[in-house]
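Asker: Return a 3D structure for these sequence lines:
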Amino acid sequence: MNPDSASHNPEAFEDPDLLSGVVDAPLRLAMEMADLIRFKTSTLTAIGFQRNGVWGEETASQKVEHLGLMFGALAASPASVVKGRGVPLSQLTFGLLIFPGVWDWYLQRREQRRGFYIKWEEDMLMVAQALTRAEVGWIRQHPEFLKKVQPIEGLIAQEEIEFAARDWHGACDAFHRHAANRSKEIQRVMRVHRDPFEPIMVVLEADSPLLEYRKITHEILKRMPDENRYPRAAAEALRSFLLLRIGLHLGLRQKNLRQLRLCPRGHFPTSERRLEDMKCGELRWSDRENGWEVVIPSIAFKNSGSSFFEQKPFRLILPDLLDLYKYLGAYIDRHRGVLLGSAKDPSTLFAKTVKTTSLDAAYDSTKFYEAWRTVIQRYGIYNPYTGRRAIKGLLPHGPHNLRDLLATHILKQTGSYEQASYAIQDTPDVVQQHYGRFLPQDKAALAAKILNQVWEAA
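Answerer: So this is what the prediction gives:
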């Protein structure tokens, strides 16, 4: 239970509940949480239980954090900076989560502290509905949790507990309806807490977003240290270059790019069955295509059930443009080893710089985000005093904005939601929903631009 800790999500620092202190969860609540994680992440459900869908590692970590915030708020003192509810630790149980008063207090508390509702609250209510859904909800299948629930003044009345004891499924149904109604109410009034496009808006507004963003890679090469004099600095700069170059070619989510494995040229590639088991992809040399190939099983993607994949793996040959293969070969053969030092090889393409304070060369989601953000700060954001760095008006951001960039670029060049969806392994509907605002206003001019190419060729 962590009501006030810093989140593993680099963007969660704005959450009003993430302050300073950490309170350990009581043993009973910790055991219930562990059972929930097993239920939602195990390959097979335990005999006698049913579920609908599973959680990946990142999703499970996120849900643990969000539910921990809720229980932490309930337990925190009303007189503390957290302004909690003061529920004794011994009374905390997932059985509390089928009572509408508990959720209404928590949602209203968050709204009061921030000043408005955001999608976070709606997402939490979706979790609540899933946990209490008929037949497959985890809490629904644990009526014994009710035995641990005690009345809480203003939140849970004795009559509600008695009703749930008489008709557990009826109580779960009633709460499920309540959560659905609250979700609809919040959808009507919630705001966008922060525009996700803001850090790269100056790039997205350019006629050719990709061409504009590519300036950062030129800046990295222009300032590349001498490999013989500064081997570690040169290795880090080349890693920064390849992070952006390969990211721009693949359009992957952070997780898929971070976990991309490396099979050096001349080595036997990992089987697709093994990659499916590990839920990650691999960069390997293809003799047939005479190029570096990226293979990622569909199950490794967040939207693996999307019509984009049709249960087939993602495959792409990286283009040998602007000496990409030369830089990739130098990184694999020489520079990556400099970054690893004597540490164990994590077998991923991108590895951290191993220092005396840490011998783990594998990136986690936080470190990978920080690495990307550092690249942007070091090479991307123009400094008017030194004249260095590439783009005026750019703000610090992480790898997630890369997908925004690619989808917007193709949308601006073609006006096609379908083609834009191909660049980020998604569907046209998703692209239209998220990036429709960047579709060129003058659609007739866009069509004329394509048609005029015929006359220009003549």
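Asker: Tell me the spacing between the spatially closest residue to residue 376 that is not a sequence neighbour and residue 373.
Answerer: With sequence-adjacent residues excluded and distances taken as CB to CB, 6 or more residues apart in numbering, residue 376 is closest to residue 396, at 5.6 Å. Yep, even glycine has a C-beta here, placed from its N, CA and C like the rest. Taking CB to CB, to the nearest Å as the measure, residue 396 falls 5 Å from residue 373.
Asker: what's the answer for residue 451, then?
Answerer: Relative to residue 373, residue 451 is positioned 42 Å away (CB to CB).
Asker: the more surrounded of the two?
Answerer: More crowded of residue 451 and residue 373, by other CB atoms under 10 Å: residue 373, with 17 against 9.
Asker: and whatever helix or strand the more buried one lives in, how far from the chain's centre?
Answerer: In the assignment (DSSP states H and E), residue 373 maps to helix 365-375. In terms of CA atoms, centre = their mean, to the nearest Å, the centre of helix 365-375 is set 13 Å apart from its chain centre.
Asker: Send me it as PDB with only the CA atoms.
Answerer: Provided in PDB are the C-alpha atoms of helix 365-375 (Å, rounded to 0.1, in the frame of the first residue of the first chain):
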ATOM      1  CA  SER A 365      10.300   1.500 -18.000                       C
ATOM      2  CA  THR A 366      11.500   4.400 -15.800                       C
ATOM      3  CA  LYS A 367      15.100   4.300 -16.800                       C
ATOM      4  CA  PHE A 368      14.200   4.000 -20.500                       C
ATOM      5  CA  TYR A 369      11.900   7.000 -20.300                       C
ATOM      6  CA  GLU A 370      14.700   9.000 -18.500                       C
ATOM      7  CA  ALA A 371      17.200   8.000 -21.200                       C
ATOM      8  CA  TRP A 372      15.000   9.200 -24.000                       C
ATOM      9  CA  ARG A 373      14.200  12.400 -22.100                       C
ATOM     10  CA  THR A 374      17.900  13.000 -21.600                       C
ATOM     11  CA  VAL A 375      18.600  12.600 -25.300                       C
END
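Asker: Check which helices and strands it is in contact with.
Answerer: For helix 365-375, the packing partners by 3 or more CB pairs under 8 Å, 6 or more residues apart in numbering; DSSP states H and E come out as helix 231-250, helix 254-258.
Asker: how many degrees apart are that helix and helix 231-250 in direction?
Answerer: Relative orientation of helix 365-375 versus helix 231-250 (axes from the mean of the first three to the mean of the last three CA atoms, to 10 degrees): 100 degrees.
Asker: before we move on, which element is the nearest residue to residue 109 once chain neighbours are set aside in?
Answerer: Nearest residue to residue 109, sequence neighbours excluded (CB to CB, 6+ apart): residue 73, at 6.6 Å. Under the criterion of DSSP H and E, residue 73 resides in helix 57-75.
Asker: If you average the pLDDT over that helix, what comes out?
Answerer: Helix 57-75 carries an average pLDDT of 88.
Asker: Give me the buried positions along the following helix or strand past that helix.
Answerer: The C-terminal neighbour of helix 57-75 among helices and strands, as given by DSSP H and E, is helix 100-114. Buried residues in helix 100-114, defined by neighbour count with 16 or more other CB atoms under 10 Å: 100, 102-103, 105-107, 109-111, 114.
Asker: Helix or strand: which one has the nearest residue to residue 207 once chain neighbours are set aside?
Answerer: Spatial nearest neighbour of residue 207, excluding adjacent residues (CB to CB, 6+ apart): residue 412 at 7.1 Å. Assigned by DSSP H and E, residue 412 belongs to helix 401-414.
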